[in-house]
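Chemist: Curious how this folds, go ahead:
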Amino acid sequence: MLRIILIGLAVVALIVVGAGLYSFKVYRARMADAEQAWFAIAAQAPNASQSLPRFDPTQLADQPEIARRYLTHAIAPGTPLNPVVSLTMQGVFRLGNADAPRELAMSARQILAAPSEFVWIPTMAGGGMRIWGSDGLHQGNGWTRFWMYGVVPLVQAADTPDLNRAALVRPAIESIWAPAALHPALGARWEQTGENTARVTPAQSDITIDLTLDATGTVTEVVAQRWSNANPDAEYRLQPFGGFVTSEGTFDGFTIPTQVAVGNHFGTADFFAFFEAQLTSAVFVTNQSTN
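Modeler: The predicted structure is shown next:
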């Protein structure tokens with residue numbers, strides 16, 4: 001009997017080890033896919049020798065006042081209008097909901113080709129958990145894939161109509177990290193909706209974002225309608241997604257938000273800031289600097 005029990009335990013152990021090795025192999029393959037998408041996005045960035053339009057405030061005379069206020073604050077005169085940026089950040093990622101949040105320390109790197117593509121690769125840890133994975137949207141295909149310790153799959157979603165539609169909002173709303181995408185010279189369309197508010201459709205995007213600025217042109221709030229199932233019914237629908245900006249910094253001639261708190265149902269009683277981040281670097285990418 002003891003021999004049978006030992007054999008059974010050995011078989012179970014082999015199955016568990018085999019499953020773990022297979023899961024780790026899948027994790028490595030999917031992370032390699034994310035890295036490949038990263039470098040493909042970087043490869044589409046302007047060549048360092050390419051002549052990009054440069055920011056000229058005098059060319060904004062026909063734009064709404066709030067567009068002129070934002071762009072003259074966000075872009076220094078003469079800065080090449082490059083909408084591709086490599087970011088590093090740190091902060092907090094919250095699981096659960098506002099009533100029972102579970103906080104994880106987060107550090108991440110991201111490439112953003114505003115307003116249509118991105119790859120976000122974080123490490124999150126807390127409460128005995130360590131989570132790796134990536135979020136992304138490349139060539140219209142979105143994904144959200146995360147594992148605990150590289151072997152336990154937590155979320156494995158990719159390239160469905162709902163996910164692809166949901167993912168479109170991220171690089172559009174994150175255009176505030178790549179202000180060139182919000183410049184009319186690249187196709188952005190501005191509408192002033194109040195003294196300090198604007199509705200902007202970034203270049204090459206069907207997503208409209210609402211910005212709130214202060215008197216200097218600094219972004220204080222950003223929100224868009226996102227296709228999401230983050231609701232009590234777990235049903236996909238359009239709902240407000242956005243957050244607050246509390247600090248900014250200047251990188252390569254662009255002044256961009258450096259401290260953000262973002263979540264679902266922004267502007268409602270159900271708002272839950274599940275993502276709080278502080279940028280630690282921003283490099284506007286050319287083919288010669290593909291971080």
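Chemist: from what I can see D270 touches G263, true?
Modeler: No - with contact defined as CB atoms under 8 Å, D270 does not count as touching G263 (9.3 Å). Any C-beta I mention is one placed from the backbone N, CA and C, and that applies to glycine too.
Chemist: Looking at the two, which one has more neighbours?
Modeler: G263 (20 against 16; other CB atoms under 10 Å).
Chemist: element containing the more buried one, please.
Modeler: strand 254-264 (DSSP states H and E).
Chemist: buried set for that strand?
Modeler: Using 16 or more other CB atoms under 10 Å as the test for burial, strand 254-264 gives F254, T255, I256, P257, T258, Q259, V260, A261, V262, G263, N264.
Chemist: residues making contact with that strand?
Modeler: For strand 254-264, the external contacting residues (CB atoms under 8 Å, 6 or more residues apart in numbering) are 73-76, 79, 85, 176-180, 219, 226, 228, 230-231, 239-250, 270-279, 282, 284.
Chemist: Would you mind putting the CA coordinates of the helix or strand just after it into CSV?
Modeler: Proceeding N to C from strand 254-264, the next assigned helix or strand is strand 272-284, under DSSP H and E. Coordinates of each C-alpha in strand 272-284 appear next as CSV, following Å, rounded to 0.1, in the frame of the first residue of the first chain:
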residue,chain,number,x,y,z
PHE,A,272,-11.9,53.6,-8.4
ALA,A,273,-8.3,54.7,-9.1
PHE,A,274,-6.8,51.3,-9.7
PHE,A,275,-3.7,52.8,-11.4
GLU,A,276,-1.5,55.4,-9.8
ALA,A,277,1.9,56.1,-11.5
GLN,A,278,4.8,58.5,-11.5
LEU,A,279,6.9,58.7,-14.6
THR,A,280,10.6,58.3,-14.0
SER,A,281,11.7,58.9,-17.6
ALA,A,282,10.4,59.7,-21.0
VAL,A,283,12.4,59.4,-24.2
PHE,A,284,10.9,60.4,-27.5
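Chemist: Now do the strands in this structure.
Modeler: 84-95, 102-113, 117-126, 129-138, 141-148, 152-158, 189-194, 197-201, 209-213, 219-228, 237-251, 254-264, 272-284 (DSSP state E).
Chemist: Report the angle between the third one and strand 141-148.
Modeler: If you take axes from the mean of the first three to the mean of the last three CA atoms, to 10 degrees, strand 117-126 sits at 10 degrees to strand 141-148.
Chemist: Parallel or antiparallel, which strands does strand 117-126 pair with?
Modeler: The pairing partners recorded for strand 117-126 under DSSP bridges are strand 102-113 (antiparallel), strand 129-138 (antiparallel).
Chemist: do the same with the first one
Modeler: Each strand that strand 84-95 pairs with, and the sense of that pairing, follows from DSSP bridges: strand 102-113 (antiparallel), strand 272-284 (antiparallel).
Chemist: Nearest spatial neighbour of the residue nearest the centre of the chain, chain-adjacent residues omitted?
Modeler: Centrality entry for the chain: nearest residue to the mean C-alpha point is R170, 5.0 Å, by CA atoms, centre = their mean. The shortest distance from R170 to any non-neighbouring residue, by CB to CB, 6 or more residues apart in numbering, is to F118 (6.0 Å).
Chemist: Quickly list what that neighbour is bridged to.
Modeler: Beta-bridge partners of F118, as defined by DSSP bridges: L112, L137.
Chemist: what comes up buried for stretch 214-231?
Modeler: For stretch 214-231, by 16+ other CB under 10 Å, it's G217, T218, V219, E221, V222, V223, A224, Q225, R226, W227, S228, A230.
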